[in-house]
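Student: Return atomic coordinates for the entry below.
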Amino acid sequence: MGTEHRSWGSDCADMHSYFSRCNSIRVDSGYWMLYEKPNYMGYQYFLHRGEYPDYHRWMGYNDCIRSCRMIPQYRGSYRMKIYERPDFGGQMMEFTDDCPNVYDRFRYNDIFSCNVMEGYWIFYEHANYRGRQYFLRPGEYRRFSDWGGFSSTIGSFRRMREGFM
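Tutor: Here you go, the predicted model:
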């Protein structure tokens, strides 16, 4: 039985025509976000250099990968504001560093909107960088669905910087 494989060096909005399932991944360089659905939608998975022999290793919910995005290198400063309500309402807190437990620092279990002023960030559904992942680049996110979230629950987040894994 033959082994089907494909290489990418840049973003791909629809991988479905290349294969129907993704059984393993090897990242040779850089940082990547993989998406369960075409056009960078659905579950998101952050991968860095290394081998991922099955979808459990990239914290996947299934073997469906339909799009991918290369994350550009960034060496500047990091700054983000999070809010307890949609459209930048309610309590606000500004961050310039990683946060392993949002509730311990923000006193809320939910982030309904945020403004990423500098840097690339990853939100995680649970504390200590676990659960569903969401990639945020600089911009305004007026509600959790703007970053691809299924709910407003964010337990932790961190900056995407060289050597952070």
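Student: ok, now how distant is residue 50 from residue 62?
Tutor: Using C-beta to C-beta, to the nearest Å, one obtains 20 Å as the distance from residue 50 to residue 62. For every residue, glycine as well, the C-beta is placed using N, CA and C.
Student: Equivalent analysis for residue 85, please.
Tutor: 33 Å.
Student: who has more neighbours, those two?
Tutor: Using other C-beta atoms under 10 Å as the criterion, residue 85 and residue 62 rank with residue 85 on top: 16 against 11.
Student: what does the average pLDDT come to for stretch 88-107?
Tutor: Averaging the model's pLDDT scores along stretch 88-107 yields 95.
Student: List the buried residues in it.
Tutor: 88, 93, 95, 99, 102, 106 (16 or more other C-beta atoms under 10 Å).
Student: Spell out which two among those residues are the most distant pair, please.
Tutor: Taking C-beta to C-beta as the measure, the buried residues of stretch 88-107 span a maximum distance of 18.5 Å, between 88 and 99.
Student: count of residues packed around residue 58?
Tutor: 20.
Student: Alright, I will stop here.
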